[in-house]
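A.B. asks: Kindly generate the corresponding structure for this input.
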Amino acid sequence: MSYKISIYTDGAASGNPGPGGYGVVMISPETKLRKEFSQGFKCTTNNRMELLAAIVALEALKYDNCDVTLYTDSKYVADAVEKGWIFEWEKKRFKKKKNPDLWNRFLKVYRKHNVTIVWIKGHAENKENIRCDKLATEALKKKYLLTDEGYDKENTIFINGLNSVV
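C.D. replies: Down below sits the predicted model:
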């Protein structure tokens, strides 16, 4: 049996880079069950949060081979998948591409399901997208934020033994 699920995602950053967060709304069209979640990070980018939202949502699915419609207002995420760019990037091992840690993680979970990605215009009266945006922006304002390890590794250089964020 294949489960159907609608997923709405959004990512946000206050500054780019800066504190960031993602928001996710998952809805089962058949049962009307709904799950919302979000998380905030100390220093990250908007694109990383947009992509992480999609990853975390797909990873939250309990069963493989779900029929997923993933709605995002991120052209970065939607175009990379729907235009096939990500598969070309993968062939080149993401050489000169940002966020390879997240793209590899995305592909791993993406391939477990039947995913259709639908780009929606952000802040355009789609109530679930608006809810995701609110979750993401609330998450980045929380007192205790996580460290986006992939961002920190990608953007840290070592000068005379001292760490410096680029």
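A.B. asks: CA atoms for contacts and neighbours, from now on please.
C.D. replies: OK.
A.B. asks: Figure out the length between the terminal residues of stretch 90-106.
C.D. replies: For stretch 90-106, the first-to-last residue distance is 11 Å (C-alpha to C-alpha, to the nearest Å).
A.B. asks: Please work out which residues outside it touch it.
C.D. replies: 48, 51, 52, 54, 55, 86, 89, 150, 151, 154 (C-alpha atoms under 8 Å, 6 or more residues apart in numbering).
A.B. asks: can you pull the buried residues of that stretch?
C.D. replies: By 16 or more other C-alpha atoms under 10 Å, the buried positions in stretch 90-106 come out as 94, 100, 102, 103, 106.
A.B. asks: Of those, which pair is most distant in space?
C.D. replies: 94 and 106 (12.9 Å; C-alpha to C-alpha).
A.B. asks: Of the buried residues of stretch 90-106, just say which sits nearest to residue 21.
C.D. replies: Closest to residue 21, out of all of those and judged by C-alpha to C-alpha, is residue 102, at 14.8 Å.
A.B. asks: Could you report the distance from that closest one to residue 124?
C.D. replies: For residue 102, the distance to residue 124 - C-alpha to C-alpha - is 27 Å.
A.B. asks: before we move on, what about residue 93?
C.D. replies: With C-alpha to C-alpha as the criterion, residue 93 and residue 124 are 36 Å apart.
A.B. asks: C-terminal to the helix or strand that contains residue 54, what's the next element?
C.D. replies: According to DSSP states H and E, residue 54 maps onto helix 46-59. Next helix or strand after helix 46-59 toward the C-terminus (DSSP H and E): strand 67-72.
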